[in-house]
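>>> coordinates for the following, if possible.
(2 chains)
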Amino acid sequence: MGYWIALLGAALAVGLSCIGSAVGVGLAGQAASGLAAEQPEKATLAMLLEALPGTQGIYGTVVAFLVLLRLDVFGGLDFTSEAFTIAEGWAIFAACLPMAIGGLVSGIFQGKVAASGINLYGRRTEGFASAMIYTSIVEMYAILSLVISAITVFMM
Amino acid sequence: MAVVKMKKFRIIGLSSEKNTIIDKLLRSGAAELTPTEETELTVRALETGDLDRAASVYSRVVVALDFLKERQKACRLLVKKGTLPEETLQGIEKSGFLQSRTSIAAEDFEKVSLQEEELLSVCGELEKLSAEKTEIKTRLSALQALKEGVWSYRDFTLKFSQVRPTKHVRFLLGTCKNTSSLQRDTQELFKKYGADAQLLPVKDVKGKTREYILFLAAEKERAQGLDADLALMGFVPCPYDFDCTAKEKLKEVRAEIKSLREREQALETDASEFFSYEKSLRLLSDNYRLKMELIRADADFAKTAKTFILECFVPAPDAARVEKAVCAATENIVLDIKDAEEKDCPPTLLKNNSFVGPYENITNTFSPPSYFEADPNPAVAIFYVIFFGIMFGDAGYGLILAVACFLAVRLFKPEKGMRNLLLIFGMGGISSIVWGILFGGIFSIDSVQPVWFAPLYDPITMLGLCFALGLAHIFVGMGYQAYDFIKNGRIADAIYDVFSWYVIFLGGGLAALSLLLVPALPVYVGLAILAAGVLVLMFGGAVRAKGVFGRIIGTVSPLYGIVNYFSDVMSYSRLFGLALASGVIGLVFNTLAGVFINLIPVAGYILAALLLLVGHGLNLAIGLLGAYVHDSRLQYIEFFGRFYHGGGRLFVPLGSNLKYVTIKQEV
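Numbers count the residues shown, from 1 in each chain, chains lettered A, B, ... in the order given. Take a look at the predicted model:
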């Protein structure tokens, strides 16, 4: 039973983070297409800004993968596993939550900042560095979520 | 390793010799013109006529160059297809990937103006070709539309001009959409108006009948209201009155399209004769660019009827040779050289060794240091390379990155900005090799043993390492701040704001050490030192505040700084986060590849190889982007936030602002 609860946690960590990233990259991507239509020479760098909100999905994958490693999924799914108690399962589930929630919300907001950053870059070429920094500041919170989730999953 | 000292030159000379002097400054490659101060006896004036003339020639050349570039692209395509012979491309100069500007002697640069007349006539020819090309394009699209229109009538055998009313009969020709009620509607029409009509199906390329040709004859007397009824049926009258049948017209149009296409292609060949002029045209365009720059600068010189005053900044190491060059050019000048002062707003020129130099890119992206500020680049370089290595964090990736970047610099010799970026990545790659070996990360292979420890299995040590490095980074930043205070005579501020914190952290560190590792050291030693630091800090806050209430607040508020330090240090946990992310993602691909090999017998190996190639490539790219951005952020916010003002203006010597060439330094 604990096994399944833990798997559920992994699913949430990767699923919600990926939603956050998808929304974020989607927002930034629209802004980037708008920019590329008018100023094609700026398309490449705008792509870098667009890619930034994509990291939450990656962090979510990292946490989920760590859980899968803990559960030894790659040694084959164990349908009768009693290796994890329910309490242990919930503990791993809880450990996944920071990444799930942090990744979801920070991904969306980072996408918004990235989109306005792309607009900024469109108007002022030298604004690119600022746009990068503004966007990466939001990322901090995804990283903090990742660090706590990863440490808890692995230390438990 | 620092901001280069600037000298300010003030040259008073005869207007007749102005160009000679400016030419000398240009050739020195070390003089930035700056507006002169007005005096009562002088005027400033912008020769707008000159500027307009130069600007119009410049834009002509730029447009011609663009056209030439397009034609080269088109010719390359045609040669590839085999429609044009290889020789067409002869005039094109080879240009490589990441090509930098070519260096050229000032003499050759100026010599191009002798060719100006010839080059401008080339521009004229290109403009003609461009106009012809546009004309052909317009005509072609008109013909295309005509062809499509006439095509519908291809089965109609009369000449268009024959469809003409006679004395008593109206003839109508046109098309109708194919609707289910068309047949019935026409029958009714015939009855109503006693008309005689013929419906011819028009088959499209797929053999479907989408519309019909309607050819109709009606007595004029009975034809009242016919037009309105036809319009209701969606009848579109034929707009053509050519004196030939549709088939003949189609043939004619096709022939014209063909000949226009041929002309269009011949035009590429015509244009290809001018390919060899590209180099000279580029020189000419740069020539005019400089000319415009000089006209604008000239407007900022103070002038009298016969003389001018010119001021420029020259880096101190170059001052002697520039002075010699200018004085050698003429005797009729007054030259005054002094150190640049704050009110002059001197530009910043950074001089760093080949390790630190590339990192000027990072700092300048934030903001170049002001002339009066210490150059932060040495510290930026050291920490950047360390942090980059940790975040990128894989010896295998590091090796690939380092080899790729250094090779690119070697082979393509790119322009300075790109070169610096590649060098930063290359050095980061080397740093990653070191950290990868320490942490046991080589292509995320699980079985590699770390030399030091594996971050994934010992995250607390890893976090400790990140925080320690972060603290060191912040301390160095505070050191810069203290240096800034002391240089400006604010020693008390340095003690209260910087050294007190050093003492606090020293005390805290000692206390932690005795608690955790060295029980022999009494805890109160560390605590006493810490308390002393706090006292100095509080005292400093109180002394500098005003009023009783302000002093009370002032005593306590500096302690709030501890929150700042805490959050800044926490921020370095990203080093761990990014290293973890790229390490584990690599592991994901390795694991999946293993699964493929186990599940699918032979093809599994191929699939696994593909997956590893794509997966690790992707991971490398994402890791590179992350490391670059987050490393920059650590410099900008956590490090620069402690002391850096920036706001400088980079030194841009005369003649360095060209697009295609750089002028070789002489004299």
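
>>> the residue nearest the centre of chain A and residue B:496, how far apart?
Nearest to the geometric centre of chain A sits residue A:56, at 1.3 Å (C-alpha atoms, centre = their mean). Look at residue A:56 and residue B:496: by C-beta to C-beta, to the nearest Å, they are 42 Å apart. C-betas here are computed from N, CA, C, even on glycine.

>>> same thing with residue B:145?
Using C-beta to C-beta, residue B:145 is found at 81 Å from residue B:496.

>>> who's more crowded, these two?
Using other C-beta atoms under 10 Å in any protein chain shown as the criterion, residue B:145 and residue B:496 rank with residue B:496 on top: 22 against 10.

>>> quick check, the more buried one in contact with residue B:544.
Yes: if you go by C-beta atoms under 8 Å, residue B:496 and residue B:544 touch, sitting 7.2 Å apart.

>>> tell me which helix or strand the residue in the stretch 301-450 of chain B that chain A sits nearest to sits in.
Going by C-beta to the nearest C-beta, chain A is nearest to residue B:365 of the stretch 301-450 of chain B, at 4.3 Å. Per DSSP states H and E: residue B:365 is located in helix B:360-366.

>>> please name the nearest non-neighbouring residue to residue B:646.
Nearest residue to residue B:646 in three dimensions, chain neighbours excluded: residue B:367, at 3.1 Å (C-beta to C-beta, 6 or more residues apart in numbering or on different chains).

>>> dump the longest strand along chain B to CSV, keeping only the CA atoms.
The single longest strand within chain B, with elements called by DSSP state E, is strand B:209-219. Coordinates of each C-alpha in strand B:209-219 appear next as CSV, following Å, rounded to 0.1, in the frame of the first residue of the first chain:
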residue,chain,number,x,y,z
THR,B,209,-17.1,20.3,-61.6
ARG,B,210,-17.2,23.3,-59.3
GLU,B,211,-18.6,25.8,-61.8
TYR,B,212,-20.3,26.1,-65.2
ILE,B,213,-19.8,28.4,-68.1
LEU,B,214,-23.1,30.0,-69.0
PHE,B,215,-23.5,31.2,-72.5
LEU,B,216,-26.9,32.8,-73.1
ALA,B,217,-28.7,34.6,-75.9
ALA,B,218,-31.8,36.6,-75.3
GLU,B,219,-33.9,39.0,-77.3
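
>>> which helices and strands does that strand pack with?
If you count contacts as 3 or more C-beta pairs under 8 Å, 6 or more residues apart in numbering or on different chains; DSSP states H and E, strand B:209-219 packs onto strand B:169-177, helix B:182-193, strand B:196-203.

>>> could you redo the last one with a cut-off of 7 Å?
Counting contacts by 3 or more C-beta pairs under 7 Å, 6 or more residues apart in numbering or on different chains; DSSP states H and E, strand B:209-219 is packed against strand B:169-177, strand B:196-203.

>>> so which of those strands is the most surrounded?
Most buried of the helices and strands packed on strand B:209-219 by mean neighbour count (mean count of other C-beta atoms under 10 Å in any protein chain shown) is strand B:169-177; its value is a mean of 18.

>>> ok and that one relative to helix B:182-193, angle-wise?
Strand B:169-177 runs at 160 degrees relative to helix B:182-193, counting by axes from the mean of the first three to the mean of the last three C-alpha atoms, to 10 degrees.

>>> what is the mean pLDDT for strand B:169-177?
Averaging pLDDT along strand B:169-177 yields 86.

>>> for chain B, what's its nearest residue on chain A.
residue A:143 (3.8 Å).

>>> surely residue B:33 is in a helix?
No: counting by DSSP: H, G, I helix; E, B strand; the rest coil, residue B:33 falls outside a helix, being strand.

>>> who are the contact partners of it?
For residue B:33, the contact set (C-beta atoms under 7 Å, 6 or more residues apart in numbering or on different chains) comprises B:297, B:310, B:312, B:654.

>>> among these, which lie within helices?
Among the contacts of residue B:33, the members falling in helices (DSSP state H) are residue B:297.

>>> now do the helix or strand containing residue B:134: which elements does it pack against?
Using DSSP H and E, the secondary-structure element containing residue B:134 is helix B:116-151. For helix B:116-151, the packing partners by 3+ C-beta pairs under 7 Å, 6+ apart come out as helix B:48-81, helix B:246-272, helix B:278-298.

>>> now render these as CSV, adding distance to chain A, mean pLDDT and mean neighbour count.
CSV is the format used below for the helices and strands packed on helix B:116-151 (distance: least, C-beta to the nearest C-beta, whole Å; pLDDT from 0 to 100; neighbours: other C-beta atoms under 10 Å in any protein chain shown):
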stretch, distance to chain A, mean pLDDT, mean neighbour count
helix B:48-81, 13, 89, 16
helix B:246-272, 24, 91, 15
helix B:278-298, 18, 89, 20
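
>>> so residue B:432 makes contact with residue B:389?
Yes: here residue B:432 lies in contact with residue B:389, judged by C-beta atoms under 7 Å, at a distance of 4.7 Å.

>>> the two: which has the busier surroundings?
residue B:432 (32 against 28).

>>> what does stretch B:312-322 contact?
Applying C-beta under 7 Å, 6+ apart, the external contacts of stretch B:312-322 come out as B:4-9, B:25, B:28, B:30-34, B:337, B:340, B:346-347, B:349, B:651, B:667.

>>> narrow those residues to those in helices?
Filtering the contacts of stretch B:312-322 for helices - DSSP H - leaves B:25, B:28.

>>> please flag which of the contacts of stretch B:312-322 sit within strands.
Short answer: these in strands (DSSP E) are B:6-9, B:32-34, B:337.

>>> among those residues, name the buried ones.
The neighbour-count test (16 or more other C-beta atoms under 10 Å in any protein chain shown) applied to the ones in strands among the contacts of stretch B:312-322 identifies B:6-9, B:32-34 as buried.

>>> just those residues now: which is nearest chain A?
Taking C-beta to the nearest C-beta as the measure, chain A lies nearest residue B:32 of these, at 19.6 Å.

>>> surely that closest one and residue B:650 touch.
No: using C-beta under 7 Å, residue B:32 is not in contact with residue B:650; the gap is 9.6 Å.

>>> buried residues of the helix or strand of chain A with the lowest mean pLDDT, list them for me.
When the helices and strands of chain A are scored by mean pLDDT, DSSP states H and E, helix A:43-51 comes last with a mean of 84. The neighbour-count check on helix A:43-51 (16+ other C-beta under 10 Å) flags A:45-46, A:48-51 as buried.

>>> ditto for stretch A:25-42
For stretch A:25-42, by 16+ other C-beta under 10 Å, it's A:25, A:27-29, A:31-32, A:35-36, A:42.

>>> what residues are up against the closest residue to residue B:133 other than its chain neighbours?
Once flanking residues are discounted, residue B:133 sits nearest to residue B:267: 5.9 Å by C-beta to C-beta, 6+ apart. When contacts are counted by C-beta under 7 Å, 6+ apart, residue B:267 touches B:129, B:132-133.
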